[in-house]
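Chemist: Model the following, please.
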Amino acid sequence: MRARGRRARANPGSKTRNRAPKKTFCIQSETNHRETTQRREYSTMKSVYYFIYFCSFSRVRGFERVCCNFKRFQAKKCKAPPHLDATGRMRDEHPGRVRADDGALLSYNVRVPPDTTTRVRGVCLFVNGLSNACFQLEPLADDACARGGRVVVTYDMRGHGMSEDPNDYDDVTAESFARDAWTVVDAARRALSASADVDADADVTVVTYSFGTRVGLEMIRQRPDAVTCFVSILGSPNRILSGLMPHAAARCVVWASRRLGVRASTAVVGASLRCASTFPYLSHVIGRATGYLKSTYGDFARPFFKSLNRLDAETWVRCVWDGHETGALDVLRTLKSRGVYVGIIAGDKDFAAPLRDMREWATWANYYVMLPNCAHDGLRSHTSEILSLAREILAGAEKRK
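Modeler: Below is the predicted model:
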């Protein structure tokens with residue numbers, strides 16, 4: 001009787017009033033438990049993925065399948081990086097893919113100015129640098145299309161962005177990348193051949209960044225009469241490691257990596273890239289402390305370190321070997337005399353080349369600017385300045401025609 005009395009005092013009122021809170025509490029508990037379980041499964045898969053991806057240097061099919069499944073699972077929960085979303089940037093946009101000489105698919109994008117009242121002449125090609133996709137050149141490409149009234153073509157090199165990895169690594173050079181760029185230009189011309197508002201067979205303007213400067217100069221070497229304007233932004237036509245370290249030290253590094261072999265060098269570089277992309281904040285702090293970076297984390301590091309997840313390590317190694325052992329200064333010296341309008345935008349804190357070399361380029365350019373306190377990430381830290389300078393260079397080239 002005493003127990004019944006306590007139960008009655010503990011549950012006063014009707015049965016309906018007592019059951020409803022219990023039922024609601026059960027539903028809420030079940031929902032919270034389900035969300036917690038999903039969150040725990042997601043974090044577990046993420047930890048397993050990073051462990052496998054960081055520790056596996058060889059391309060094991062099972063590891064690749066696990067990584068691919070996790071990326072698909074992650075894409076459902078996370079937003080795609082901004083440089084991978086190529087839809088909706090312009091009204092008339094033509095994305096496409098074309099095969100390179102070795103059979104790898106190259107991803108490109110063609111933008112036509114909206115509401116054009118005059119016939120658009122020529123194509124403006126943007127060539128990105130090593131280790132990243134074309135996200136840094138997107139503001140310049142959008143401005144050249146929307147305000148400059150130009151047909152703009154952007155693409156990703158082999159082993160970068162949305163393009164496939166090379167099928168023939170022995171042919172990974174600036175010269176072969178230049179052939180890829182001409183393949184993209186020709187494909188864009190074929191895509192625009194049916195348009196009555198575009199004269200796609202006219203001259204080509206090449207805007208380059210970083211390692212893209214070497215690629216752009218090799219393009220001119222292959223087709224000297226096709227390019228009428230060449231713009232280099234924070235790039236170097238000379239050996240690409242000369243600005244990062246003394247020439248003797250750079251030569252020793254390249255010699256040691258070649259002695260080490262392609263597989264071992266690729267494993268070391270791949271581990272470094274994965275470490276940098278796994279710990280982007282630490283990598284950005286180191287870059288800022290050493291003076292190689294000037295931009296904030298959100299402006300440059302976040303999209304850049306996301307693009308490192310896609311970068312092919314062996315492509316990077318072979319591009320560095322070729323970029324340091326060969327150069328294209330002989331092409332740059334003759335551009336101005338051949339009637340090509342040359343614009344160079346350099347930075348006094350840029351490690352692409354020694355400062356004395358960058359000052360020497362001024363004699364070979366029609367338009368030369370040295371931006372103060374501008375490092376290699378100047379496209380993100382000095383976006384407005386470089387954007388206005390690029391407009392002036394392209395306008396100067398139009399007046400020369």
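
Chemist: Okay, now the unreliable bits of the stretch 101-250 of the chain?
Modeler: 115-120, 194-201 (pLDDT under 70).

Chemist: And the helices in it?
Modeler: 138-146, 174-191, 212-222, 247-260 (DSSP state H, counting those that start in this stretch).

Chemist: Compile these into JSON lines and extend it with columns for distance to residue 168.
Modeler: No exception for glycine: its C-beta is placed from N, CA and C like everyone else's. Formatted as JSON lines, the helices of the stretch 101-250 of the chain follow (distance: least, C-beta to C-beta, whole Å):
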{"stretch": "helix 138-146", "distance to residue 168": "29"}
{"stretch": "helix 174-191", "distance to residue 168": "9"}
{"stretch": "helix 212-222", "distance to residue 168": "17"}
{"stretch": "helix 247-260", "distance to residue 168": "19"}
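
Chemist: Please work out which of those is packed deepest.
Modeler: helix 212-222 (a mean of 25; mean count of other C-beta atoms under 10 Å).

Chemist: could you check the angle helix 174-191 makes with it?
Modeler: 70 degrees (axes from the mean of the first three to the mean of the last three C-alpha atoms, to 10 degrees).

Chemist: quick one: contacts of helix 212-222?
Modeler: The contact list for helix 212-222 (C-beta atoms under 8 Å, 6 or more residues apart in numbering) reads 127-129, 157, 174-175, 177-179, 181-182, 206, 208, 226-227, 230, 232, 235-237, 240, 323, 327-328, 331-332, 335, 340.

Chemist: cool, and stretch 306-314?
Modeler: So stretch 306-314 is contacted by 81, 83, 131-133, 135, 158-161, 165-166, 169, 172, 262, 266-267, 269-270, 273-274, 276-277 (C-beta under 8 Å, 6+ apart).

Chemist: Buried subset of those residues as a PyMOL selection?
Modeler: Those of the contacts of stretch 306-314 that count as buried under 16 or more other C-beta atoms under 10 Å are selected in PyMOL with:
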select buried, resi 81+83+131+132+133+135+158+159+160+161+165+166+169+172+266+267+269+270+273+274+276+277
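
Chemist: what residue is smack in the middle of the protein?
Modeler: residue 133 (1.6 Å; C-alpha atoms, centre = their mean).

Chemist: which residue sits closest to that residue in space, ignoring its chain neighbours?
Modeler: Nearest in space to residue 133, with sequence neighbours left out and distances taken as C-beta to C-beta, 6 or more residues apart in numbering, is residue 161 at 3.4 Å.

Chemist: related to what we said a few turns ago, looking at it, the residue nearest to the centre of the chain is touching residue 155, isn't it?
Modeler: No - using C-beta atoms under 8 Å, residue 133 and residue 155 do not qualify as a contacting pair, with a distance of 9.7 Å.

Chemist: residues in contact with residue 357?
Modeler: 236, 238, 242, 243.

Chemist: swap the cut-off to 7 Å and go again
Modeler: Contacts here follow C-beta atoms under 7 Å, 6 or more residues apart in numbering; on that basis residue 357 touches residue 238.

Chemist: buried ones in the helix or strand containing it?
Modeler: Using DSSP states H and E, the element containing residue 357 is helix 355-360. Of all the residues in helix 355-360, those buried under the rule 16+ other C-beta under 10 Å are 357, 358.

Chemist: Quick one: mean pLDDT over it.
Modeler: For helix 355-360, mean pLDDT rounds to 83.

Chemist: any idea how far that helix is from the chain center?
Modeler: 26 Å (C-alpha atoms, centre = their mean, to the nearest Å).

Chemist: next one: the next helix or strand after it to chain centre, how far?
Modeler: Once the chain leaves helix 355-360, the next helix or strand it forms, by DSSP H and E, is strand 367-371. Remark: strand 367-371 is offset 24 Å from the chain centroid, using C-alpha atoms, centre = their mean.

Chemist: cool, and stretch 263-281?
Modeler: 17 Å.

Chemist: average pLDDT across that stretch?
Modeler: So the average pLDDT for stretch 263-281 ends up being 88.

Chemist: for stretch 369-380, same thing?
Modeler: If you average the pLDDT values across stretch 369-380, you get 91.

Chemist: Just the C-alpha atoms of that stretch, please, in CSV.
Modeler: The C-alpha trace of stretch 369-380 is given here as CSV (Å, rounded to 0.1, in the frame of the first residue of the first chain):
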residue,chain,number,x,y,z
VAL,A,369,55.3,46.7,-63.1
MET,A,370,57.0,45.6,-59.9
LEU,A,371,54.4,45.5,-57.1
PRO,A,372,55.7,46.3,-53.6
ASN,A,373,55.3,43.7,-50.8
CYS,A,374,53.8,41.2,-53.3
ALA,A,375,54.7,37.5,-52.9
HIS,A,376,53.9,34.6,-55.1
ASP,A,377,50.2,34.6,-53.9
GLY,A,378,49.8,38.1,-55.2
LEU,A,379,46.7,37.1,-57.2
ARG,A,380,44.9,36.7,-53.9
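
Chemist: Show me which positions of that stretch end up buried.
Modeler: Result for stretch 369-380 [16+ other C-beta under 10 Å]: buried residues 369, 370, 371, 374, 375, 376, 377, 378, 379, 380.
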